[in-house]
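Peer 1: Predicted model and sequence follow; I will ask about them next.
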Amino acid sequence: MTDQKINNVNVQEQPKTPCPPAQDLLPQVKEPLVRMTKRGIITTKQRVIVYVVGFILALVVGALMLLAIGKNPFFAYRDMVVGSFGTAIASAETIRIAVPLLIASVAVGFAFKMKFWNIGAEGQILAGATLCSYIVVHSINNKNYISGVPLHLIMIVLAMIGGALFGFLPAFFKTKWGTNETLFTLMLNYIAIQYVIYLQSLRTWQDPMSTYPKIIDFAVFTKGSVELPRMFGVHIGWIFALIIAVIAYFYLTRTKHGYEISVVGDSLNTARYAGMNTRWIQIRTLLISGALCGFAGYLQVAGANHTLTETTAGGVGFTAITVAWLAKLNPFVMIPIAIFIAMLQKGSLFIQSTMRIPAAAADLLTGLILFFMLGSEFFIEYKLVFRSKRNVPHLEQKEVTA
Amino acid sequence: MKTLMIIINWINAAVLAGTPLLLATNGEILTEKSGNLNLGVEGQMYMGAVTGLAAAWLTERWFGVGGIIPLIAAVVFAFLMGCISGLIYSVLTVTLRANQNVTGLTLAIFGTGFGQFFGEVLSNEAGGYVTVGAETKHVFGNINFGSLTEIPVIGTLFFRYNWLVYFAIIVAVILGWFLNKTRKGLSLRAVGESPATADSAGINVTRYKYIATTIGGGLCGLAGMYMSMVNQKGIWVTNCVSGYGWLAIALVIFSTWSPLRAIYSSIIFGGLSVMYMRVPIPGMPMAIYMMFPYIATILVLILTSIRQIKEHAQPASTGLNYYREER
């Protein structure tokens, strides 16, 4: 109850003469120790402070976990930075991790903006990678009849079709019958993984030299034709990733499509009322989202791994969710955040070898940081008001009546 | 006769494989009945799996006893760790009003990292790989029912399980009774259907959401412990949960938010996941077999969405946070 209301009640009660003291008439509301009120405006400075505090707290909790297993957190954090950006080779490796992550983040960002919970980026990447591997394997088994630029163009098209198909299926059923898209996209991840494992068992795909089932090295068998050229030590996928992020930003903020996406995300009914074809908007966006993931799959095959394994996507689809959300779905902000998360992953591989700290530390830290960032949002929307003398309604009342 | 034996053995394996699904599904049903859509079950199961194993292993090492005491330690600590994960989720979504989907997904990422991180720490500590002693393995194995086990058909169908199988079914029955027959259960369902109405009726929405999500998380923790202690026989395997957490969320939809229907739906899915060992189909590659539960899940999702029955729908406020001041 606000102070204003209490005042009004009191003024009306006053004229009745045989009346107990004013404060006894008031409802005995015990004010809680802490209550929250919505902030009006928050300055950029305050906002930054809240996020920085949240980030530091996440690192502190991470440090406590490292302490719990008897490792020095300062050395661990320092080694993570050194291991990810200490040398040119390490930096190149970090950027290589960031490339698919950035593209997948942009892709899931599209879907998330519509409140379409696409957590199947993993499967969409694999679907793209698998479909574009078909043409490579087919070419290899037929004396490399395609090579060079035509091969890459066909690979890109196939990869985007593969990813788009895996984006289309859940979108189709979601818009038709309201099928739960979260689980649908997730189940497609596992199906894609099992399919790659199946391919590994096929004779035409297998590496004849390997002792365990594994798909042939495309770089060797196509005589390097499948390899993407490098620039600054990283395959040129990073240039594509940056271009995609920039185009995505303008697509989301400056085009009709982008506007439709945000209206559908904010209120489906408003979008319908405005005469938008919400079904097509959702399907179209998921086709784009899936195709982007498929393209990331192509980059993994042609740029990073030169083969196909069930870990080609390697958790990128899940980490991309974190990146997209931390960046508040802004493709520009995703660039530094994707690099930062890639740094955590590369750094944790480094501390695994130097300090025997499990590489899963990266996931642990990523999760912690996102937890604290999610918590921080609250302190940006609301502020806490602690119980103090000034806020107690009774005392304020006395001042008025006196 | 041979076909019958295959089917009987398959059902037996299905129940064993379905038990963690049943525990996790019940945990998630309890959570969703309070209006919290927790997508972090996979992570919660990893947290329970590693904590249960660590508790059993450390108890053996510190106190030098095997058997029932490590078992109790594993159950208690896996449950507590599950509760903590549910509590993290509650603090973020109920008190700090974070988006439920994202919080759940973060919990899945965090929990998986947590499990693999501490699992590897444990393995390093044990010098290679962690494994509990034979005595502890034995108490997680099948209960000795004596001659009952030997009865043809019935023995295999009902008396060749570990205690957690019976425990999970009892939990499901109790949960079904609690939700449908008790006053507190009614209040909980009210919170999930319409928190504003429940609030007006004097039900403490926050408290119900917290308690339901926390205990639900505890059940998911136990489900994770089943994966590490029973399925992997007390040995840490990096991807021991392998998507069961996500299957459990789908099973909640399949069993239409009813703990009792969850019993048979988890057995069906358990059956699908062990089909490759039990029902050989000539020429069927193993990897295609492994797709069955996931394909079945998609089919179930589509079918249940096509024929929506009003009484079987998800609690109306699931996935939405409750803002009291915006009532």
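Peer 2: Sure thing, it's come through.

Peer 1: Around residue B:316, how many other residues sit close by?
Peer 2: 12 (other CB atoms under 10 Å in any protein chain shown). Where C-beta positions appear, they are placed from N, C-alpha and C, glycine not excepted.

Peer 1: swap that for residue A:54, please
Peer 2: Residue A:54: 20 neighbours (other CB under 10 Å).

Peer 1: so it is in which element?
Peer 2: helix A:44-68 (DSSP states H and E).

Peer 1: list the contacts for the one residue in the stretch 101-250 of chain A that gets nearest to chain B?
Peer 2: Per CB to the nearest CB, residue A:198 is where the stretch 101-250 of chain A lies closest to chain B, at 3.6 Å. By CB atoms under 8 Å, 6 or more residues apart in numbering or on different chains, the residues touching residue A:198 are B:285, B:287, B:288.

Peer 1: how about the nearest residue to the first one, chain neighbours excluded?
Peer 2: If I follow you right, that is residue B:285. Excluding the flanking residues, the one nearest residue B:285 by CB to CB, 6 or more residues apart in numbering or on different chains is residue A:198, at 5.4 Å.

Peer 1: Which element, helix or strand, includes that neighbour?
Peer 2: Residue A:198 is part of helix A:181-200, with elements assigned from DSSP H and E.

Peer 1: which other residues reach whichever helix or strand comes after that helix?
Peer 2: Sequence-wise, the next helix or strand downstream of helix A:181-200 (DSSP H and E) is helix A:218-221. If you take CB under 8 Å, 6+ apart as the criterion, helix A:218-221 is touched by A:133, A:136, A:140, A:144, A:226, A:227, A:301, A:302, A:306, A:307.

Peer 1: from memory residue A:115 sits against residue A:265, does it?
Peer 2: Yes - with contact defined as CB atoms under 8 Å, residue A:115 reaches residue A:265; the gap is 5.0 Å.

Peer 1: If you count surrounding residues, which of the two has more?
Peer 2: A side-by-side neighbour count of residue A:115 and residue A:265, using other CB under 10 Å, places residue A:265 first with 20 against 15.

Peer 1: Report the separation between the more buried one and residue A:113.
Peer 2: Residue A:265 is 5 Å from residue A:113, where distance means CB to CB, to the nearest Å.

Peer 1: got it, and residue A:382?
Peer 2: Separation of residue A:382 from residue A:113 (CB to CB): 24 Å.

Peer 1: If you count surrounding residues, which of those two has more?
Peer 2: Shown here are residue A:382 and residue A:113; by other CB under 10 Å, residue A:113 has more neighbours (19 against 15).

Peer 1: Quick one: residues contacting that one.
Peer 2: Listed by CB under 8 Å, 6+ apart, the contact partners of residue A:113 are A:252, A:261, A:262, A:265, A:329.

Peer 1: 6 Å instead?
Peer 2: Residues in contact with residue A:113 (CB atoms under 6 Å, 6 or more residues apart in numbering or on different chains) are A:261, A:265, A:329.

Peer 1: Throw these into CSV and include pLDDT, secondary structure and distance to residue B:274, thanks.
Peer 2: Listed next are the contacts of residue A:113 as CSV, based on pLDDT from 0 to 100; DSSP: H, G, I helix; E, B strand; the rest coil; distance: CB to CB, whole Å:
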residue, pLDDT, secondary structure, distance to residue B:274
A:261, 87, helix, 43
A:265, 83, helix, 41
A:329, 90, coil, 41
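
Peer 1: and residue 141, how many residues sit next to it?
Peer 2: You didn't pick a chain, so chain A it is. Here the number of neighbours of residue A:141 (other CB under 10 Å) works out to 13.

Peer 1: ah, I was thinking of chain B
Peer 2: Residue B:141: 14 neighbours (other CB under 10 Å).

Peer 1: Just the element for residue A:384, please.
Peer 2: If you go by DSSP H and E, residue A:384 is part of strand A:382-386.

Peer 1: Can you classify the nearest residue to residue B:44 once chain neighbours are set aside as helix, strand or coil?
Peer 2: Counting by CB to CB, 6+ apart, residue B:220 is the residue found nearest to residue B:44 once chain neighbours are left out, at 4.0 Å. The three-state label given to residue B:220 by DSSP: H, G, I helix; E, B strand; the rest coil is helix.

Peer 1: Now do the contacts for residue B:220.
Peer 2: Contacts of residue B:220 by CB under 6 Å, 6+ apart are B:24, B:27, B:41, B:44, B:45, B:82.

Peer 1: can you pick the most crowded of those?
Peer 2: Using other CB under 10 Å as the neighbour criterion, residue B:44 leads these with 41 neighbours.

Peer 1: Okay, and that one sits in which element?
Peer 2: helix B:41-63.

Peer 1: Give me the helices and strands touching the helix or strand following that helix, please.
Peer 2: As assigned by DSSP H and E, the chain's next helix or strand after helix B:41-63 is helix B:68-90. Judged by 3 or more CB pairs under 6 Å, 6 or more residues apart in numbering or on different chains; DSSP states H and E, helix B:68-90 is in contact with helix B:41-63, helix B:134-140, helix B:205-226.

Peer 1: Make JSON lines from these and add mean pLDDT to it.
Peer 2: Formatted as JSON lines, the helices and strands packed on helix B:68-90 follow (pLDDT from 0 to 100):
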{"stretch": "helix B:41-63", "mean pLDDT": "91"}
{"stretch": "helix B:134-140", "mean pLDDT": "80"}
{"stretch": "helix B:205-226", "mean pLDDT": "94"}
